[in-house]
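In: Got a sequence here, can you model it:
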Amino acid sequence: METVSKTSLTEQTRKGACLAFFSAYQDMDTARMIQLATPDATVHFVPMGDDGKGSFWEFGKGVWQLLIDCFPDLDNTVDSLTTQDDTVVANVAIFGTQAQDFLGITNKGLRFNSDHVFVFRFNDDDRITHLDISWDHAGFSKQLGA
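Out: Alright, predicted model coming up:
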């Protein structure tokens, strides 16, 4: 009988949590997205600098809800997941069509497709404690006609 190491199980569990996050994102279910994190988890939308830092449960949920509201066909494709220690790096394409003004970008009904890097950090209970999200914001804005 083959045994699976605790490290292997933890990696699988953490990757599963990441996939559950992106599945909830596809379903536009911010409540499910934040439930995967500890109550004191944090998020940093890196291109936004210090203005992009906050609580996963409040600030993160607010940003994700705004995205969902402004891009009602918002979707994602997970290209890869890699693990190292307490971290999972997800390379993800996010795409959608703008239907409302978004953070100073006037709605022109244009579509974006943007590669994002999500860096999830987990605790020993395999819950998200922090998330960094990076993308080419200039390219994103240009696709939307800004």
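In: From residue 110, how far off is the spatially most central residue of the chain?
Out: With distances taken as C-alpha atoms, centre = their mean, residue 118 lies nearest the centre of the chain, 5.8 Å away. According to C-beta to C-beta, to the nearest Å, residue 118 and residue 110 sit 24 Å apart. All C-beta spots, glycine's among them, are computed from the backbone N, C-alpha and C.
In: Next: residue 139.
Out: Distance, residue 139 to residue 110, by C-beta to C-beta: 13 Å.
In: repeat for residue 41
Out: Taken as C-beta to C-beta, the span from residue 41 to residue 110 is 33 Å.
In: Tell me which of the two has more neighbours.
Out: A count of neighbours by other C-beta atoms under 10 Å puts residue 41 above the other of residue 41 and residue 110, at 21 against 13.
In: Which parts of this structure are helices?
Out: Using DSSP state H, the helices of the chain run over residues 6-26, 30-35, 61-70, 137-143.
In: what about the shortest one, distance to the chain center?
Out: So that's helix 30-35. Here helix 30-35 is found 11 Å from its chain centre; the criterion is C-alpha atoms, centre = their mean, to the nearest Å.
In: what comes up buried for that helix?
Out: 30, 33, 34 (16 or more other C-beta atoms under 10 Å).
In: quick one: which of those is nearest residue 73?
Out: Within the buried residues of helix 30-35, the smallest distance to residue 73 is 16.3 Å, found for residue 30 (C-beta to C-beta).
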